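Novice: Predicted model and sequence follow; I will ask about them next.
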Amino acid sequence: MQNLLTIDDFHQKAISLLPKLSRDYYESGSDEEKALRRNRRAFSRLLIRPKCLVDVSKSDTNCEFLGKKFKSPIAVAPTAFHKLCHPRGELASVEGISRFGGLMICSSWGTTPLEEIAENRGDATLWFQLYVYKDRPTTEALIRRAENAGFEALVLTVDTPVLGRRLADKRNAFTLPPPLKFANMVATNDSKVHMPKVPIGDSGLMAYVSSQIDQSLNWDSLKWLVGFSRLPVIVKGIMRSDDALKALQCGAKGIIVSNHGGRQMDCAPATIEALPEIAKVAGQIPVFLDGGIRNGRDVFKALALGASGIFIGRAILYGLTVGGADGVERVLDILQEEFEHCMKLAGCQSIADIRNTPQIVVSSSHYSKL
Ligand SMILES: Cc1cc2nc3c(=O)[nH]c(=O)nc-3n(C[C@H](O)[C@H](O)[C@H](O)COP(=O)(O)O)c2cc1C
Ligand SMILES: CCCCCCC(=O)C(=O)O
């Protein structure tokens with residue numbers, strides 16, 4: 001792995017290693033994949049205006065989320081089915097994240113039971129991502145298990161009433177190859193544990209979502225969850241300031257600006273475009289961002305535009321594919337090194353400094369008259 005110096009290097013290597021079914025599932029966006037591309041392009045359109053003659057001999061990337069201290073604002077987004085790319089799956093991921101001392105959001109749809117991940121968490125902090133089943137007792141059981149296992153927050157994903165149309169998955173008749181299964185579902189209920197087999201032109205994941213997931217989820221459901229859960233609730237998938245305000249009013253303790261990595265609404269804005277209006281209204285609660293982060297300059301840009309921290313999705317899967325726990329750790333280290341380097345070149349000493357410097361990040365249109 002020594003010759004892999006960037007996340008793009010890990011991406012290329014991972015693509016060369018993955019079987020088509022997993023590669024297409026990881027890489028896909030929905031429909032025409034406009035939101036997927038827009039997430040990246042919007043970052044490229046932003047420029048950093050460096051300050052000079054600032055003592056950056058010590059740069060401080062410490063931060064605090066939900067009252068807990070972290071050495072870095074870079075954390076790991078929930079992604080389903082880690083055993084599609086590595087035999088140790090989520091256990092390898094959590095090992096790499098533990099070595100980094102980071103934060104991992106575990107998907108409801110892991111291929112390893114949540115208790116096993118928690119037992120092996122080491123120095124990782126764990127939050128649990130929730131998909132709400134039509135069958136409320138299934139959801140309630142999942143929440144209680146996450147609480148009992150020592151997860152420190154619940155992350156409710158709100159952008160998936162139906163699954164985005166991922167055309168490659170339909171062409172591949174995507175389903176989980178046996179023996180992989182929904183490891184957090186109990187073995188007695190076959191339709192929840194196994195993804196259905198479907199003909200070419202259909203996606204097994206889409207079929208599973210439409211048969212199991214509660215499309216009627218609404219703001220009252222969020223209020224219910226905040227009351228039911230003993231953990232702070234973070235809402236993932238907010239793209240508008242009015243929704244951010246509603247989430248706040250319902251008792252959310254954090255917001256993740258996310259378009260699900262371009263996998264749901266294909267005409268959505270990029271997350272970095274949606275961030276400023278949401279950060280403006282969020283008051284004291286942290287606003288995080290995911291979507292399209294591939295280097296440390298992207299992290300810097302997101303913080304400058306109001307994020308308290310960022311989450312990476314696919315980048316971790318690339319690390320996991322290439323090198324298991326070592327690959328995951330290396331991906332996080334690369335992003336952290338690039339971020340610290342960027343801070344120094346920009347003349348910023350701390351995250352507060354990034355956030356408080358006016359126009360440290362601007363759109364390239366700022367210079368368009370030249
Ligand atoms: C393969 C894959 C699986 C995902 N699974 C989940 C999931 O189970 N729950 C969830 O809330 N988001 C899921 N997401 C979305 C990520 O949490 C995150 O929003 C997105 O990957 C961020 O974009 P990035 O991949 O460009 O970093 C998934 C994304 C990918 C690519
Ligand atoms: C209710 C939506 C389920 C999505 C499945 C996993 C995921 O988030 C993704 O593939 O993206």
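Specialist: Noted; the coordinates are in hand. Ligands and ions are numbered 1, 2, ... in the order given.
Novice: For the rest of this, base every contact and every neighbour count on C-alpha atoms.
Specialist: Will do.
Novice: What parts of the stretch 151-300 of the chain come near ligand 1?
Specialist: Within the stretch 151-300 of the chain, the positions adjacent to ligand 1 are 157, 258, 260-261, 290-293 by CA under 6 Å from any ligand atom.
Novice: switch the cut-off to 8 Å
Specialist: 155-157, 236-237, 258-263, 290-294 (CA under 8 Å from any ligand atom).
Novice: What residues does the closest residue to Ile293 other than its chain neighbours make contact with?
Specialist: In space, and not counting its chain neighbours, Ile293 is closest to Ile312: 6.3 Å by CA to CA, 6 or more residues apart in numbering. Neighbour list for Ile312: 74-77, 290-293 [criterion: CA atoms under 8 Å, 6 or more residues apart in numbering].
Novice: Could you identify which of these has the most neighbours?
Specialist: Neighbour counts for those peak at Asp290, which has 29 neighbours (criterion: other CA atoms under 10 Å).
Novice: ok, now how distant is the residue nearest to that residue when sequence neighbours are not counted from ligand 1?
Specialist: Nearest residue to Asp290, sequence neighbours excluded (CA to CA, 6+ apart): Phe311, at 4.9 Å. According to CA to the nearest ligand atom, to the nearest Å, Phe311 and ligand 1 sit 7 Å apart.
Novice: Secondary structure class of Phe311, three-state.
Specialist: Three-state secondary structure (criterion: DSSP: H, G, I helix; E, B strand; the rest coil) places Phe311 in strand.
Novice: Quick one: neighbours of it, just the number.
Specialist: The number of residues packed near Phe311 is 26, by other CA under 10 Å.
Novice: My understanding was that it contacts Ile74; is that so?
Specialist: Yes. Phe311 is within contact range of Ile74, at 6.0 Å (criterion: CA atoms under 8 Å).
Novice: The residue nearest to Asp290 pairs with what?
Specialist: Assessed by DSSP bridges, Phe311 has beta-bridge partners Ala75, Asp290.
Novice: contacting residues for Gly122?
Specialist: Counting by CA under 8 Å, 6+ apart, Gly122 touches 95, 98.
Novice: Phi, psi for it please.
Specialist: Main-chain torsions, Gly122, degrees, to the nearest 10: phi 50, psi -120.
Novice: could you measure it against ligand 2, distance?
Specialist: Distance from Gly122 to ligand 2, counting by CA to the nearest ligand atom: 25 Å.
Novice: Identify each buried residue in the helix-or-strand element of the chain with minimal mean pLDDT, please.
Specialist: Every helix and strand of the chain was ranked by mean pLDDT, DSSP states H and E. The lowest is helix 190-193, at a mean of 91. By 16 or more other CA atoms under 10 Å, the buried positions in helix 190-193 come out as 192-193.
Novice: about what we covered before: mind putting the contacts of Ile312 into TSV with pLDDT?
Specialist: Below are the contacts of Ile312 laid out as TSV (pLDDT from 0 to 100):
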residue	pLDDT
Ile74	98
Ala75	98
Val76	98
Ala77	98
Asp290	98
Gly291	98
Gly292	98
Ile293	98
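Novice: between these, which is closest to Thr188?
Specialist: Using CA to CA, Ala77 is the member of these that lies nearest Thr188, at 29.3 Å.
Novice: and the closest one, what does it touch?
Specialist: By CA under 8 Å, 6+ apart, Ala77 lies in contact with 104-106, 290, 311-313.
Novice: Farthest pair within those?
Specialist: Greatest spacing in those, by CA to CA: Cys106 and Asp290 (14.8 Å).
Novice: now the helix ranked longest in the chain: how far from the chain's centre is it?
Specialist: Ranked by residue count and defined by DSSP state H, the top helix of the chain is helix 314-346. Offset of helix 314-346 from its chain centre (CA atoms, centre = their mean, to the nearest Å): 14 Å.
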